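J.: Pasting the sequence and the predicted coordinates here, then a few questions.
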Amino acid sequence: MLQLESVNSFYGGSHILHDINLEIEKGKIFAVLGRNGVGKSTLLKTIMGLTSSMTGKLLLNEDDLSTKTTFSRARAGIGYVPQGREIIPDFSVKENILMGRFADINGKVEIPELVPELFPYLMDNLNRAGGLLSGGQQQQLAIARALATNPDILLLDEPTEGIQPNIVEQIEECIITLNQKLNLTIILVEQNIRFAKRASHGFVFLDNGRVVLTGKGAELTDELANKHLTI
Ligand SMILES: Nc1ncnc2c1ncn2[C@@H]1O[C@H](COP(=O)(O)OP(=O)(O)OP(=O)(O)O)[C@@H](O)[C@H]1O
């Protein structure tokens, strides 16, 4: 279980997240929802230790990670797929994937097991430069790189944003498969309510850096989404 207790998070002097309390159960998909600029990406960055500072507590299976470095959090089992994917364009597909192994405590150097099944295109193009891939293929690559860290929890920041519609469904299926086959806990920042409704076991709506509503997946309705997502 991942727990945030009274978490505040800052970029320099800008106080972005205020008094966040959340519990994310192991093996569940948890959706982080809200309008643009409310702090969804900042929540993932805070969990990963990528904001300037945080106060409060971040506990992973009762281990206190609050003051740990990003590297230690990755080693503790938190994998991250950032918004915009941030693959290295001049590195090959293989090099991009294996970069994730920096955080694997078992010191493995091979491609993660599920990658051939989930992303056959990547396996067929291991020597291709990452920058030559389409948006959807780069998203697959960013997920494969995060899997190489051997995570227990995967943080996904708008994984279907800017991806051609025919690939969106593949990415969605892949997220559900990762949850079901690897029992991966997934924290999903998502603008696509249809997918959040379909996949998530729990959700939070943020507004202005604060939690305004949490609930279980089945409680996520279009009415709630309209209420919290329209301006
Ligand atoms: N590096 C930064 N330095 C200072 N302020 C930042 C930084 N990154 C984000 N912010 C501010 O933090 C607030 C929350 O931004 P964040 O990107 O977390 O929102 P979001 O809900 O993910 O938005 P979107 O849906 O547009 O991605 C915004 O006011 C944004 O301007």
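T.: Received, thanks. Numbering: from 1, shown residues only.
J.: This protein: strands as residue ranges?
T.: Assigned strands in the chain, in chain order: 2-11, 14-24, 29-33, 53-60, 63-64, 78-81, 153-157, 185-189, 202-207, 210-216 (criterion: DSSP state E).
J.: Of all those strands, which one is nearest the ligand?
T.: For the ligand, the closest of those is strand 2-11, at 3.4 Å, according to Cβ to the nearest ligand atom. No exception for glycine: its C-beta is placed from N, CA and C like everyone else's.
J.: any residue of the closest one up close to the ligand?
T.: Yes - on the criterion Cβ under 6 Å from any ligand atom, strand 2-11 is in touch with the ligand at Tyr11.
J.: who does that strand pair up with?
T.: strand 14-24 (antiparallel), strand 53-60 (antiparallel) (DSSP bridges).
J.: Report the angle between the helix ranked longest in the chain and strand 29-33.
T.: With secondary structure taken from DSSP state H, the chain has its longest helix at helix 165-182. Here the directions of helix 165-182 and strand 29-33 differ by 140 degrees (axes from the mean of the first three to the mean of the last three Cα atoms, to 10 degrees).
J.: roughly how far apart are Gly217 and the ligand?
T.: 20 Å (Cβ to the nearest ligand atom, to the nearest Å).
J.: Can you get me a residue count around that residue?
T.: Neighbours of Gly217 under the rule other Cβ atoms under 10 Å: 17.
J.: Kindly report the same for the one 10 residues further on.
T.: As a burial measure, the neighbour count of Lys227 was computed by other Cβ under 10 Å and equals 12.
J.: Against Thr221, how distant is it?
T.: 9 Å (Cβ to Cβ, to the nearest Å).
J.: Asn127 now?
T.: 47 Å.
J.: can you check Lys57 too?
T.: For Lys57 relative to Thr221 (Cβ to Cβ), the value is 32 Å.
J.: cool, Asp124 as well?
T.: Counting by Cβ to Cβ - Asp124 and Thr221 are separated by 42 Å.
J.: Output the below-cut-off pLDDT ranges for this protein.
T.: Scanning the chain for pLDDT under 70 picks out the ranges 231.
J.: tell me which parts of it are close to the ligand?
T.: So the chain meets the ligand at Tyr11, Ser14, Ile16, Gly34, Asn36, Gly37, Val38, Gly39, Lys40, Ser41, Thr42 (Cβ under 6 Å from any ligand atom).
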